[in-house]
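Chemist: sequence plus the predicted model coming up.
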Amino acid sequence: MIGECINIMAKTSFRPVEKPDQIRSYWKRQVPILALVTLFGITFDGLTPYMTVLQGRLIDALVLGETLPGVQRSAAIFVGTVLVVQLARYGKRYYVRLFANRTMMDMRMMLYNNIMHRDILTLSKESTGDLMVKAVSDVDICVEGMRKVTTEIFDTGVLAISYLAAMLFYDVKITVLCCIFVPLAMLLAEYLKSTIVHLSKAARAQSSRVAERTYRDINQMVLQRVNGLEARWQESYFKELDKLEETSIKASILEGSLQPIYKVIAMLGIMAVLYLGGSKVIDGSWTVGTFTAYLAIFAALSGKASKTAKLFTSYQKAKVSWERIKQYLTPYQRTDQADHALTLPAKLMVHDLCFTYPESEEVRISHLSFQADSGQI
């Protein structure tokens, strides 16, 4: 069974990442997938504001009492646009997720390759728990940050520009007044990023310590019980867990609790929309459908502003994890062994074996020779 697994791994094709210690290399590696993301993203971003405009026209058709064929035509155009937008949204999200999964595979492959080819003496100085956290958790956080950046370039950046263009088309004055508060939410996120980075680093470091402590305690469990130290070790271990919980809560609370604040700040401009937009409806400059469409677009733009602030936070967390794993992402090394299959030797022969521990002058084994046949104990 093991031999079959090794043969499968040997046959699996893997193209090493060029300059793996540079994060832009992972985006360059997935250019075809990112091209599809761009195609579906532009389609989605371009039609989403227009979908809201069509919704307003459909409301006007109902309120103003258009003929049934006219209402049916407006409804058909609206429903068709919604279907196209949702299909484009599905395609964009699917390929963004595919990009993230392949990037995670590439990054982990390069990291594991680096660890497996390190000198045993150098590797013994590394913290086992820290290596485990970096290989699993930090790679996940880094790739998740890359995925969110790729997603929000379209879902927040390009889409927000589309919303803003649609609002300016309706009325420049109202748009300028109601969007004054949107940059304030972004500035607040930028101001708090150093605090979030500091708390995130503390949480990642404590997670590494707990992983190392867990690995060590499992290996020494029997020794602890024999010497009657199990209760003391458990007490110390639970203190480390409590500290991990505390640092993680601090990092997550600051990140999560700020999202509603960002959205409230961005939504303060709704007062200008209600007052000035309502006045235009009263004097007949706008229809009810136009006002409804403008209000919906502004609400969506405010939501995207809060997502932009969240994007800053995700980027900072990903940056922390990237700095932790960057040193383990080196050019790919291949083994020189031609045959990876696991085979059992018919006979084992050892001649004149000597052994000593690294950095030790005392020779533990010297001039040992023996042989054993297959099946012999």
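Modeler: That came through fine. Residues are numbered from 1 along each chain as shown.
Chemist: wait, H351 sits on H367?
Modeler: No: applying CB atoms under 8 Å as the test, H351 and H367 come out as separate, 9.4 Å apart. In this view, the C-beta of every residue, glycine as well, is placed from N, C-alpha and C.
Chemist: residue contacts, the residue nearest to H351 when sequence neighbours are not counted?
Modeler: Nearest residue to H351, sequence neighbours excluded (CB to CB, 6 or more residues apart in numbering): S369, at 4.9 Å. Residues near S369 by CB atoms under 8 Å, 6 or more residues apart in numbering: V350, H351, D352, L353.
Chemist: tell me which of these is nearest to C142?
Modeler: The nearest member of these to C142, counting by CB to CB, is L353 at 44.1 Å.
Chemist: element containing that closest one?
Modeler: L353 belongs to strand 347-356 when elements are defined using DSSP states H and E.
Chemist: note down every partner strand of that strand and its orientation.
Modeler: Partners of strand 347-356 in the sheet, by DSSP bridges, are strand 363-373 (antiparallel).
Chemist: any idea which helix or strand carries C142?
Modeler: Per DSSP H and E: C142 is located in helix 139-152.
Chemist: may I see the buried residues of that helix?
Modeler: Neighbour counts over helix 139-152 (16 or more other CB atoms under 10 Å) mark 139, 141-152 as buried.
Chemist: ok, stretch 160-176 next?
Modeler: Under 16+ other CB under 10 Å, the buried positions of stretch 160-176 are A160, S162, Y163, L164, A166, M167, Y170, D171, I174, T175.
Chemist: try stretch 55-71
Modeler: Neighbour counts over stretch 55-71 (16+ other CB under 10 Å) mark Q55, G56, R57, L58, I59, D60, A61 as buried.
Chemist: one step back: any chance of CSV for the contacts of S369, columns distance to N219 and neighbour count?
Modeler: Listed next are these as CSV, based on distance: CB to CB, whole Å; neighbours: other CB atoms under 10 Å:
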residue, distance to N219, neighbour count
V350, 28, 10
H351, 34, 9
D352, 33, 8
L353, 27, 11
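Chemist: how about P49, nearest residue that isn't a chain neighbour?
Modeler: A166 (4.0 Å).
Chemist: got it, and F44?
Modeler: A88 (4.0 Å).
Chemist: and the one you found, how far is that from L58?
Modeler: Counting by CB to CB, to the nearest Å, the separation of A88 from L58 is 21 Å.
Chemist: likewise for S162?
Modeler: Remark: distance between S162 and L58 (CB to CB) = 20 Å.
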